[in-house]
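Chemist: Generate coordinates for the sequence data below:
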Amino acid sequence: MGVEFAAERRLLSEEEFAPVVSSHYPELAALPHEEVVNLARWLRGQHARARDIVRDRRRVHRGKADPRGTASETASDRGLTEKKQVFARGLKRVNARLAALRAEAKREAATAALRAALERRQAAAQHHPPAGATPAAGAAARPNPKRRGIITGGRVGSVSQAGRQAQAARDARG
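Modeler: Next comes the predicted model:
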C-alpha cells in the first residue's frame, strides 16, 4: 500500500525527509551509483536506529528493561514504527535500483567480453585451410568390393514355389 508524500513529511523531520524524497523514483533514477549506495547506507542506518528505539521502548513497556530517564520512553511507539516503515520502503526502492544498476553493469561487462572474444576469433588464423576447387559433379562413386550375389532366372521364385508345393502335399494327405 502506497503512502503519500504528505504522510512521510508529517512523520519525518526536514533532515530526514530530503533523502527519503530522493529515494522516490524520478529522482532515484537520476542519481549516480555512488550516491545511490550512500543513500542506501543512510536509510539502512536510520531504519536500524528506529528499530532499536522501538525495541527498547517495548522492553521498557513490558518491564524487561529500566527506563532511561526520558519521558519519551513511556510514550506510544506508533509514530516511530511508521517512521521505521517509511525508511524500510525507501530502502526497498533503493535496493531495487542498486540491483538494476548491478544487472546493467553485469550485462555491459558480458557484452564487452563477448565482443572481445569475437574479435579474437576473427583475428586468429584459420586452423584448417580451405579445400580449394572441387569438381562440379561432386565426389566420384567408389565400387563396392563385395561380390554381389547373382540369382539365376531359374531360381527366382523357387522358394515360394517350394512352399506352395509343400502345402499342397500336406493338404492332399488329409
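Chemist: residue boundaries of the helices in the chain?
Modeler: Taking DSSP state H as the test, the helices found in the chain are 5-11, 14-22, 25-30, 33-62, 78-123, 158-173.
Chemist: buried ones in stretch 77-86?
Modeler: When neighbours are counted by 16 or more other C-beta atoms under 10 Å, the buried residues of stretch 77-86 are found to be D77, L80, T81, E82, K83, K84, V86. For the C-beta atoms, the positions are set from N, CA and C on the backbone; glycine is no exception.
Chemist: before we move on, the earlier item: any idea which of the helices of the chain scores lowest on pLDDT?
Modeler: Averaging pLDDT over each of the helices of the chain singles out helix 5-11 as the lowest, with a mean of 85.
Chemist: List the buried residues for that helix?
Modeler: E8, L11.
Chemist: Give me the contact list for it.
Modeler: Helix 5-11 is touched from outside by F17, V20, V21, H24, G79, E82, K83, V86, with contacts defined as C-beta atoms under 8 Å, 6 or more residues apart in numbering.
Chemist: wouldn't the third one be in contact with E27 here?
Modeler: Pointing back at V21 there. Yes. Here V21 reaches E27: they are 6.7 Å apart, a contact under C-beta atoms under 8 Å.
Chemist: what sits against the most centrally placed residue in the chain?
Modeler: Centroid-nearest residue in the chain, with C-alpha atoms, centre = their mean: A103, separated by 9.3 Å. Going by C-beta under 8 Å, 6+ apart, A103 touches no other residue.
Chemist: And for H128, the neighbour number?
Modeler: H128 has 5 neighbours, counted by other C-beta atoms under 10 Å.
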